[in-house]
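Undergrad: Take a look and give me a structure for this.
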Amino acid sequence: MRSLFARLLLNTVALWFLTLLYPGVYFRAGAGLLDYLVAGAVWGLANALVRPVLLFLTLPLNLLTLGLFTLVVNGLVLFLVAAVTPLEVTGFGAALVGALVLSLVSLVLSWALRD
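TA: So this is what the prediction gives:
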């Protein structure tokens, strides 16, 4: 259970850093800690449930582009998360860049916080 809570906090902090680093992704005015936690939870669920299905469905495109289409899938997942949470994305291009930045931030945070 500790790992699930740790992942939730990691996703939430990564989303928060993303909104600080990249102006194309932001939270609506008045968003509080609960909104950040909900967005982090939805991001984690989308990565666990939706992203693998999308990667499987786009496998031929992923093979043709040598894996670069994964960035598009990550952008789609971020766009979907923004549709159901107080997270705002200014467009699909911003979702692509935001997903890339979010992946890098999550990677750095995972390295910094590992056991």
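
Undergrad: mind listing the helices in this structure by residue range?
TA: For the chain, applying DSSP state H gives helices covering 2-21, 33-45, 51-57, 59-64, 69-84, 92-113.

Undergrad: Can you tell me which of the ones you listed is most buried?
TA: When the helices of the chain are scored by mean count of other CB atoms under 10 Å, the highest mean neighbour count falls to helix 69-84 (a mean of 19). The way it works is simple: take the backbone N, C-alpha and C, and place the C-beta from them, glycine included.

Undergrad: Next, the angle from that helix to helix 92-113.
TA: 100 degrees (axes from the mean of the first three to the mean of the last three CA atoms, to 10 degrees).

Undergrad: Now do helix 69-84: which elements does it pack against?
TA: In this structure, helix 69-84 makes packing contacts with helix 33-45, helix 51-57, helix 59-64, strand 87-89, helix 92-113, judged by 3 or more CB pairs under 8 Å, 6 or more residues apart in numbering; DSSP states H and E.

Undergrad: Turn these into TSV, columns for distance to Gly75 and mean pLDDT.
TA: Compiled in TSV, these are given as follows (distance: least, CB to CB, whole Å; pLDDT from 0 to 100):
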stretch	distance to Gly75	mean pLDDT
helix 33-45	13	92
helix 51-57	11	95
helix 59-64	14	95
strand 87-89	9	93
helix 92-113	4	88
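
Undergrad: and the residue nearest to Asn11 when sequence neighbours are not counted, how far is that from Leu66?
TA: Excluding its sequence neighbours, the residue lying closest to Asn11 (CB to CB, 6 or more residues apart in numbering) is Gly40, at 3.8 Å. With distances taken as CB to CB, to the nearest Å, Gly40 is found 31 Å from Leu66.

Undergrad: before we move on, the earlier item: dump the helices of the chain into a markdown table; add distance to Phe27 as well.
TA: Below are the helices of the chain laid out as a markdown table (distance: least, CB to CB, whole Å):
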| stretch | distance to Phe27 |
| --- | --- |
| helix 2-21 | 6 |
| helix 33-45 | 6 |
| helix 51-57 | 22 |
| helix 59-64 | 31 |
| helix 69-84 | 10 |
| helix 92-113 | 12 |
